[in-house]
Structure formats: C-alpha cells, structure tokens
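Trainee: have a look at this prediction, sequence included:
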Amino acid sequence: MSDRTTCWLLGDQLNHDLDVLDAADDVLLIEAHGFADRKPYHAHKLTLVFSAMRHFRDELRERGHDVTYVRADSFGEGLDEFLARRGKASDRDGADRDGVDRDGDDAPTLRLMRPASHGAGERLRKLVAERGGTLELVDNELFWTTPADWRAWTGDEGGGDGEPLLDEDGTAARTFRQENWYRRVRRETGVLMDDGDPVGGEWNYDDLNQETPPDDWEPPARSAFEPDDLTRETHAWVRQRFDTWGNDSLDGFAWPVTRDEAREALDRFVRDGLPAFGRYEDAMVGGEPFLSHSLLSPAINLGLLDPREPVRAVERAYEARGVEPGGYDPAERGASQGETATSLDDFGDVTDVDSPDGAAPGAAARDDELAPVPLNAAEGFVRQVIGWREFVRHVYREAMPELADANQLEQERELPPAYWDGETDMRCLSEAVGHVREFGYAHHIERLMVLSNFALVYGADPVELNEWFHLGFVDAYHWVTTPNVVAMGSFGTDALSSKPYASSGSYVNRMSDHCADCRYAVSRTTGEGACPFNALYWDFLKENEETLRGTGRMGLMYSHVDDKGDEEWASIRERAARVRELAADGEL
C-alpha cells in the first residue's frame, strides 16, 4: 500500500482547521452533480454549496495544500477521474510519488470523516474498494459530541444489539428526550455552567422567549455578503445546468460562502442580533423573514463554522455583557422598565467584546455602545446548537433507515400545491412559503408551527414533506430534515417527542401578526371563511384518536374533543373536508 494518504472532504466538511486535514498529504474534493439533476433544488442552495466548495478549494491551495478538485456526475466518476489524474502524474514523474502503480501494488489510501447521512460512509468505502483503494472512515469533527458520548448517555456502552429502534409502524422501542440530553451536554462541556450548576439557576428559559415585538420595533439588519465573481460564475452555471425551484436570481442571496464571511456573520449576530434573539425567538412578523435569528445554520452545516465557535462566542458575550433573564427589552431601549429590567443607559458603554478566535480584522472590538445580552437569549441560542442540533444528529443515527419512512399516523395525502407556488390566502402559510421561495430559509417556528403543522393536520405524507424541506432550505441535509420533519413535525414516530406538534390557528395568532391581515377568521372553526387550521386541527385529533388518546401530553386536548357534540363534529368534519379539497386544488 502507498504511504501517501489523501484526505477526502465532502461538500459539508469545508473547514480549514480539521485534524484529518493536517494529517494528510493531499486533499480530494469531488463536486458531484447528479443529485441536483434528479430533483428541483432551490437555486440558492445549489449556488451556496458549490460556491462554498470552490472557494474552499482556492483557500486550501493558498494555504499550501495539494488539492485535486473534480467535477463529475457521481462520486464514482469523480474517483475515476481522481485516479486517472494520479496515474498521469506518476507517469510524468517516472515514480509512484502520488500515483497508482501499474502493477497494482500501490493502491491509493484515502481518509474521510464519516458523513452525517445514513450509510454514506459505507457506500463511499465500497466505491473506493471497487477501484482498488482503501477508504478509512474517522470521526466527524464537525459535531461537538460523539457516538461514544451518546452511548454513555443512553447507557448503551456496548454500541447496540443490532435491533432497529423503530417498528414498521414508526413506534420506537426506546424514546429519547432532548432536555435530558441537553443538560448532560451542558455539564460535560461546561457551557453556561457555574460550579456544576446552570448559570442563573435554571436550565431553560424558554418561557421568556415567546413574545412578539411591538409594531414599531425594527430588527437588526441581516448580515449580507455581496456575491463575488466566483459566486456569480457559479450561480450562472447553476441556472444554466439545473432545473431549480424558488428564486433563481442572485437578489436576496447573502449567505456566507467563505470562512471569513461566516466568522463575520457570527460576529455580527453576537454584536447586534443576540440581545433581542431570545425574547422574539418564536415570533412571526409579516415582511420580516429574519428578525433577530442568527442565520448561521447554513455556515455551520457546511463546516465553515465549527459548532463550538458560535456557542463559545455567545457564552463570552454573555460573560462580557450579560444581564438577568428578561433583563433587557430591545423595544424599550433606555426607557424605564421597572426593577428587573435593564436598558442601554443602565448598561453603559461597552468598548470591548470577545469574538471567535481568528475573526475578521476589526471584528474583535468596537467602540460603539452594545446592547446587553440577557441570559434567556444566550441560553436559547446555546440550546439550539448543543441541545437540539446534536440531539437530532444522534437520533437520526440511531433510528435510520426506518426513520426515513416512519409514518405511525399513516398519513398519505400529497403535499398541497401552495407549498410549491405559495399561492394561498392563508397569510401565515403564504408568508412562510414565500420566505422559502425567496431565500431558501424560514426560521424554526415557521418550519414547525406553520409549514409542518399545516401538513400534519392536513394529512400530508411525511416522506413528501421531508423531501420538500430538503429541496428548499439552504441549510437542509438528510440528517437534519429527517428527524425534524418526519419525527417531530409529522409525528411519524414517538422516538423524540411524546406528542404531535399540532395546533389550531390560536398559536399562530398568539405568536404573529398574520391573522389580523388574513381573509380567514381565526376566531371561527366552521363555515366559509373560518381559519383552515381550526377545523383541520380538531379533525386531525378525531381522525387519529386511537393513536393519540392516552399519550403523555394529550389528555387536555381530548377532554375538549369529548366536550363537542355530534352536530358540532359534523360541522367540523365538513369544514375540514372542504379545506382539504380547496388546498388540493390550489384554491385555499
């Protein structure tokens, strides 16, 4: 075997500081296009992925790495091209410096961080073996926790008995709850901990993160990065090469495609967005797709940011600028707010704020006055990353491949056309789909409580909904969407939640300004003009009563089901049937 090792990095492993990269002699990147030929992905997603890969290639070369960059329809074809190039290089040099020996005694050795998507590592290892080489799979450094950490938490130190986690109907043989995992990770990492206890005395401040902003509040500006020549060239190629979905112009494309841009986006969020993030984290506001959300998930999921970086940056910001939970109201900036509130005037001048190591020049300190960081904002962000992101990654590992097809409620309706064209009079649904069509993005409450919630109570097939998320969102990968959409959003299994996240229009009304401008009346359940969510919700509970009644947290809802008489149920089910008919015809 050759003593030369090639580090093969995938398109979601674009990080300069990987141990696996330092230990390699050269680097392989294969830009495989076949997946984008098969389905209509959002144009911004393809532009982001391919532009980030091409920028990463150039940056690696600038850092002195020997990089082979191959464009091909498939990884198999890419490996063939890679090996052919190595053979030609060997022939030119008259030696086997980095080539394949003609007698087969010098087969290539590649090392790859284990891909997050189920089965991908073994499939790629087989491709390499078929070509006479060896592929070594190593731990994926772009997650904070490891499979060993998960096994230690679950008590399964032996690595499992090989039995599938999910039955054919989606019922889990063992269930996992994020809050317990989150507390363990906090303890192990020390994030927002004080001598073994959570900073502030509480693990979770979610009850303080459910306010809607006043009409005159303006969120901080989104971090925007003007596409450079390479991104523009990549985008033009995407438009010419693929059939895409959503906004296919560069208008609105502002995602970071390089490490420096990702660090700048993180710095901007910590400076400007974090103070208001917690309080308005779950809010939905017409015409405001981003609010104070970090918008860092695309960069983290591509590898441009290690997940430790944003968590530690937020932790440092809280250490430097922190106030008590709920102690800063971004809508009041300086007004008197009572004994527990803190304003900018109370906080005073801030002349230095920590930022991630290696941040862009000029980002580490500002002489401007910076807003305080309430603990509920810092904790809420930390929970999203080391709590939820790490959690769903491990549930995905445990529950695949059965998770991908889990459908314990046996929902099989096709996704309504509104998800593709955004044409519906339901203001909340139109707004959320519009954000995805325009930017390839919608924040977590829009994803769960509008897009997934409507599909759930409508009765859409979880597999189809999962594919829609995967195609449309710039931060979507199979390991991300499958547990979030199939398990949580569609309740295809009880592996990670004890009840479906279904609601009537009342939740949307409480967390948004959409209902005030919608032609459907959120106060009504039946009859023409009633909010579609309402009848669908009650009909969903009735239709799935056998599965849902008696589950841990559904008792109150089914007490309301029991209070309704036959006449009311007849009206509800008639309205629900009509709503489904209108939605299926694209006329809702």
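Mentor: Happy to help now that I have it.
Trainee: tell me the secondary structure for L110?
Mentor: strand (DSSP: H, G, I helix; E, B strand; the rest coil).
Trainee: isn't it right up against L135?
Mentor: Yes - with contact defined as Cβ atoms under 8 Å, L110 reaches L135; the gap is 4.9 Å. Using the backbone N, CA and C atoms, a C-beta is placed for each residue, glycine as well.
Trainee: G34 contacts D73, correct?
Mentor: Yes - counting by Cβ under 8 Å, D73 is a contact partner of G34 at 4.5 Å.
Trainee: returning to what we had before: what do L110 and L135 both touch?
Mentor: 8, 128 (Cβ atoms under 8 Å, 6 or more residues apart in numbering).
Trainee: point out where this structure drops to low pLDDT.
Mentor: 1-2, 88-106, 157-162, 333-368, 552 (pLDDT under 70).
Trainee: repeat that with 50
Mentor: 1, 94-105, 334-368 (pLDDT under 50).
Trainee: please enumerate the helices of the stretch 401-550 of the chain.
Mentor: 418-421, 427-439, 444-445, 453-458, 462-472, 478-481, 505-511, 532-543, 545-548 (DSSP state H, counting those that start in this stretch).
Trainee: residues making contact with the last one?
Mentor: Translated: helix 545-548. With Cβ under 8 Å, 6+ apart, helix 545-548 has contacts from 408-409, 499-500, 541, 554, 558, 561.
Trainee: same check on the shortest one?
Mentor: With Cβ under 8 Å, 6+ apart as the test, helix 444-445 has contacts from 281-284, 384, 511.
Trainee: most neighbours, which of those residues?
Mentor: M284 (25 neighbours; other Cβ atoms under 10 Å).
Trainee: what's the closest non-adjacent residue to it?
Mentor: S512 (3.6 Å; Cβ to Cβ, 6 or more residues apart in numbering).
Trainee: that neighbour - how many residues pack around it?
Mentor: If you count neighbours by other Cβ under 10 Å, S512 ends up with 24.
Trainee: what sits against it?
Mentor: 212, 283-286, 428.
Trainee: number of nearby residues for V70?
Mentor: V70: 18 neighbours (other Cβ under 10 Å).
Trainee: who's it bridged to?
Mentor: I30 (DSSP bridges).
Trainee: now it: how far from D80?
Mentor: 9 Å (Cβ to Cβ, to the nearest Å).
Trainee: coming back round to it: show me which of the contacts of helix 444-445 is closest to W479.
Mentor: Q384 (16.0 Å; Cβ to Cβ).
Trainee: and the closest residue to the closest one other than its chain neighbours, how many neighbours?
Mentor: Among residues not flanking Q384 along the chain, H444 sits closest, at 7.6 Å (Cβ to Cβ, 6+ apart). For H444, the count of nearby residues is 14 (other Cβ under 10 Å).
Trainee: before we move on, back to that, just name the most buried of the helices of the stretch 401-550 of the chain.
Mentor: helix 453-458 (a mean of 27; mean count of other Cβ atoms under 10 Å).
Trainee: elements contacting it?
Mentor: helix 532-543, helix 566-584 (3 or more Cβ pairs under 8 Å, 6 or more residues apart in numbering; DSSP states H and E).
Trainee: about what we covered before: out of the contacts of helix 444-445, who's nearest D216?
Mentor: A283 (14.4 Å).
Trainee: thought the closest one was touching M511?
Mentor: Yes - look at A283 against M511 with Cβ under 8 Å: they come within range, at 5.9 Å.
Trainee: what residues are shared contacts of the two?
Mentor: Jointly contacting A283 and M511 under the rule Cβ under 8 Å, 6+ apart are 212, 445.
Trainee: M557 is in what secondary structure piece?
Mentor: According to DSSP states H and E, M557 maps onto helix 555-563.
Trainee: and the contacts of helix 444-445 as CSV, adding distance to G586 and secondary structure?
Mentor: Shown next, in CSV, are the contacts of helix 444-445 (distance: Cβ to Cβ, whole Å; DSSP: H, G, I helix; E, B strand; the rest coil):
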residue, distance to G586, secondary structure
E281, 33, coil
D282, 30, coil
A283, 29, coil
M284, 23, strand
Q384, 34, helix
M511, 27, helix
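Trainee: any chance of these in JSON lines, with distance to M53 too?
Mentor: Below are the contacts of helix 444-445 laid out as JSON lines (distance: Cβ to Cβ, whole Å):
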{"residue": "E281", "distance to M53": "32"}
{"residue": "D282", "distance to M53": "34"}
{"residue": "A283", "distance to M53": "35"}
{"residue": "M284", "distance to M53": "33"}
{"residue": "Q384", "distance to M53": "26"}
{"residue": "M511", "distance to M53": "37"}
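Trainee: nearest residue to P330 in space, please, no chain neighbours.
Mentor: A276 (3.8 Å).
Trainee: no wait, D167
Mentor: Nearest to D167 is A173, by Cβ to Cβ, 6+ apart, at 7.1 Å.
Trainee: neighbours of that neighbour, how many?
Mentor: 10.
Trainee: list phi and psi for it.
Mentor: phi -70, psi -20 (degrees, to the nearest 10).
Trainee: right, and it touches L165 too?
Mentor: Yes - counting by Cβ under 8 Å, L165 is a contact partner of A173 at 5.8 Å.
Trainee: in ChimeraX, how would I select just the buried ones from the contacts of helix 545-548?
Mentor: In ChimeraX syntax, the buried subset of these is picked out as below (16 or more other Cβ atoms under 10 Å):
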select :408,409,500,541,554,558,561
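Trainee: could you dump the contacts of helix 545-548 into CSV and include distance to L370?
Mentor: Shown next, in CSV, are the contacts of helix 545-548 (distance: Cβ to Cβ, whole Å):
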residue, distance to L370
Q408, 48
L409, 47
K499, 40
P500, 41
L541, 47
M554, 44
Y558, 49
V561, 50
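Trainee: and the contacts of helix 545-548, which two are the farthest apart?
Mentor: Q408 and V561 (19.2 Å).
Trainee: tell me the spacing between D169 and N407.
Mentor: 8 Å.
Trainee: so these two - more neighbours on which side?
Mentor: Counted by other Cβ under 10 Å, D169 and N407 do not tie: N407 has more neighbours, with 18 against 13.
Trainee: residues in contact with F75?
Mentor: 30, 32, 124, 127.
Trainee: show me which positions of stretch 185-194 end up buried.
Mentor: For stretch 185-194, a neighbour-count test (16+ other Cβ under 10 Å) marks 185-186, 189, 191-192 as buried.
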